[in-house]
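1. Kindly return the folded structure for what I paste below:
(chains A and B)
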2 protein chains.
Amino acid sequence: MPDYKRPAVEITKFEPENRQGLLLVITGNGKGKTTAALGMTLRAVGHGLKVGIIQFMKGDMYAGEWDGVKHLGENVELFSTGRGFCGILGNPYSREEHRADAQAAIRLAEDKINSHSYDLLILDEINNACHLKLVDLEQVKSLLVARPETMHLVLTGRDAHADIVEMADTVSEVTEIKHAYRNDIEPQPGIDY
Amino acid sequence: MPDYKRPAVEITKFEPENRQGLLLVITGNGKGKTTAALGMTLRAVGHGLKVGIIQFMKGDMYAGEWDGVKHLGENVELFSTGRGFCGILGNPYSREEHRADAQAAIRLAEDKINSHSYDLLILDEINNACHLKLVDLEQVKSLLVARPETMHLVLTGRDAHADIVEMADTVSEVTEIKHAYRNDIEPQPGIDY
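-> Sure, this is the predicted structure:
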């Protein structure tokens, strides 16, 4: 059990004529933005690519991906930065503290881009950090322009700026149709964090 | 380089009072549905959960996640089933062959649910397989009803049925705002497959 056998189907392995770094934006108010980026991480590692993940405003709350990526060894570096969501109820830190953390994170991103450390760099929640002015739009644009031609860059978070959407190759908006928490179901490990 | 240091912030590790299996649906026409499910895989593994992934209509084309999940060891089983998308141009297989494969895949899902093999089961592209009538809506509903109380089930693919959306706890619709292929950019490994 189970006696499942693959059908005898030939497997194609596609290889593009040109490898090209893509700029992807995953925005919207629904669940699935960070996980979409983490899924690209797993996919990229399968292709032997090196991945960096810098999480903005997420250094205060444990998330399963912190340990999940450890299984991927040296293929992936994850930096969880910040002090949680700026401005939400119960967050005890000042705006200046939040901005200082986000500024350190964007300097880290600049370093990683300039040193060509990764094939795929994920800046998780940066759209929101930009919307909240913890980083400046011009700082984000500078990163996009500075990246190597074959480096993929994924920007997640709600409220992506129209200029960033305009610059991107692929943009998805994840919309909440419904969410468990509206029925007072607590966040569940492995799903929500 | 880099001299990035985490801020001295206390890290909270949330634990819900009740662990509860969620039914999640990730639908829509945009990029990010399969990767969102793969990201939940990585997150769940970080929490020590066991994950199963059954991909429908995806056994004919290599995808990075096939090798990516190997890094996760015995925590994750992935079954890529089927012969590619039923009905799209260039796919040489008959509707009957596609349905036979999807039926084998759903039997596999039933087996895995009945044997309580996983904490999280992902049925990738099943919404679309259901829409194309390769599996029947009643078969999918039976799976949802049969699952253990603490097992999470994630159903991906466009055109999720309204009845499934109704039954789900969390539903996200991933909408394409733009996609690189519309500018004749080829699929890129690690991102698109």
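2. going forward, measure contacts and count neighbours with C-alpha atoms only.
-> Noted.
3. contacting residues around the closest residue to A:V171 other than its chain neighbours?
-> Among residues not flanking A:V171 along the chain, A:V25 sits closest, at 4.7 Å (CA to CA, 6 or more residues apart in numbering or on different chains). By CA atoms under 8 Å, 6 or more residues apart in numbering or on different chains, the residues touching A:V25 are A:V154, A:L155, A:T156, A:A160, A:I164, A:V165, A:A168, A:T170, A:V171, A:S172.
4. Also A:G84?
-> Applying CA under 8 Å, 6+ apart to A:G84 gives the contacts A:M57, A:K58, A:G59, A:D60, A:M61, A:N91.
5. Low-confidence regions, chain A specifically.
-> Within chain A, the stretches with pLDDT under 70 are A:1-3.
6. Tell me who's in contact with the residue positioned nearest the centre of it.
-> The residue lying closest to the centre of chain A (CA atoms, centre = their mean) is A:D124, at 3.3 Å. A:D124 sits next to A:T34, A:A37, A:I53, A:I54, A:Q55, A:F56, A:V154, A:L155, A:T156, A:G157 when contact means CA under 8 Å, 6+ apart.
7. distance of it from A:T35?
-> For A:D124, the distance to A:T35 equals 10 Å [CA to CA, to the nearest Å].
8. next one: A:E176
-> For A:E176, the distance to A:T35 - CA to CA - is 14 Å.
9. higher neighbour count, the two?
-> Each of A:E176 and A:T35 has its neighbours counted (other CA atoms under 10 Å in any protein chain shown); A:T35 has more, 28 against 17.
10. Not counting its neighbours along the chain, what's nearest that one?
-> Using CA to CA, 6+ apart, the nearest residue to A:T35 is B:G39, at 4.1 Å.
11. helix, strand or coil for the one you found?
-> In three-state terms, and counting by DSSP: H, G, I helix; E, B strand; the rest coil, B:G39 is helix.
12. on that earlier part again, neighbour count for the contacts of A:V25 - can I get that in CSV?
-> Output for the contacts of A:V25, formatted as CSV (neighbours: other CA atoms under 10 Å in any protein chain shown):
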residue, neighbour count
A:V154, 25
A:L155, 26
A:T156, 30
A:A160, 23
A:I164, 19
A:V165, 19
A:A168, 20
A:T170, 23
A:V171, 29
A:S172, 26
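13. From the residues you listed, which land in helices?
-> A:I164, A:V165 (DSSP state H).
14. Out of the contacts of A:V25, which is nearest to A:P187?
-> Closest to A:P187 out of the contacts of A:V25 is A:T156 (20.1 Å), distances taken as CA to CA.
15. picking that back up, ok, what's across the strand from the residue nearest to the centre of chain A?
-> In this entry, A:D124 is beta-bridged to A:Q55, by DSSP bridges.
16. Distance check, it against B:N128.
-> Relative to B:N128, A:D124 is positioned 29 Å away (CA to CA).
17. Between strand B:170-178 and the top strand by length along chain A, find me the angle.
-> Ranked by residue count under DSSP state E, the longest strand found in chain A is strand A:170-178. Per axes from the mean of the first three to the mean of the last three CA atoms, to 10 degrees, the angle that strand A:170-178 makes with strand B:170-178 is 150 degrees.
18. Can you list the strands that strand A:170-178 pairs with?
-> strand A:23-27 (parallel), strand B:170-178 (antiparallel).
19. May I see those arranged in TSV, with distance to A:E74 as well?
-> Compiled in TSV, those are given as follows (distance: least, CA to CA, whole Å):
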stretch	distance to A:E74
strand A:23-27	23
strand B:170-178	31
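20. how about those strands, which one is nearest B:D192?
-> strand A:23-27 (10.9 Å).
21. re earlier: so what pairs up with the residue nearest to A:V171 in the strands?
-> Going by DSSP bridges, A:V25 forms beta bridges with A:L155, A:V171.
22. Would you confirm that A:Y4 contacts B:L108?
-> Yes - contact status for A:Y4 versus B:L108: in contact at 6.4 Å, counting by CA atoms under 8 Å.
23. ok, the two, which is more surrounded?
-> Neighbours per residue (other CA under 10 Å) separate A:Y4 from B:L108, with B:L108 holding more: 19 against 13.
24. Which element, helix or strand, includes that one?
-> Element membership for B:L108, per DSSP states H and E: helix B:95-114.
25. for that helix, packing partners?
-> Using 3 or more CA pairs under 8 Å, 6 or more residues apart in numbering or on different chains; DSSP states H and E as the contact test, the elements touching helix B:95-114 are helix B:137-146.
26. Can you tell me what sits against the helix it packs on?
-> Contacts of helix B:137-146 (CA under 8 Å, 6+ apart): B:L23, B:I106, B:A109, B:E110, B:I113, B:N114, B:C130, B:L153, B:H161, B:I164.
27. Check stretch A:4-20 too.
-> With CA under 8 Å, 6+ apart as the criterion, stretch A:4-20 contacts A:149-152, B:59-63, B:80-83, B:101, B:104-105, B:108, B:186-189.
28. Buried ones among those residues?
-> Buried members of the contacts of stretch A:4-20, scored by 16 or more other CA atoms under 10 Å in any protein chain shown, are A:151-152, B:59-63, B:80-83, B:101, B:104-105, B:108, B:186-189.
29. Hmm, A:P148 is touching A:H116, no?
-> Yes - when contacts are counted by CA under 8 Å, A:P148 is listed as touching A:H116 (7.0 Å).
30. so how far is stretch A:55-74 off the chain centroid?
-> Taking the mean of its C-alpha atoms, stretch A:55-74 sits 11 Å from the chain's own mean (CA atoms, centre = their mean, to the nearest Å).
31. Return the set of buried residues in that stretch.
-> Buried residues in stretch A:55-74 (16+ other CA under 10 Å): A:55-72.
32. Keep only those of those that are in strands.
-> A:Q55.
33. Keep only those of the buried residues of stretch A:55-74 that are in helices.
-> A:E65, A:W66, A:D67, A:G68.
34. Which ones among the residues you listed also lie next to chain B?
-> A:E65, A:W66, A:D67, A:G68 (CA under 8 Å from any CA of the partner chain).
35. Columns distance to A:R19 on top of those, output as TSV?
-> Output for those, formatted as TSV (distance: CA to CA, whole Å):
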residue	distance to A:R19
A:E65	28
A:W66	29
A:D67	30
A:G68	28
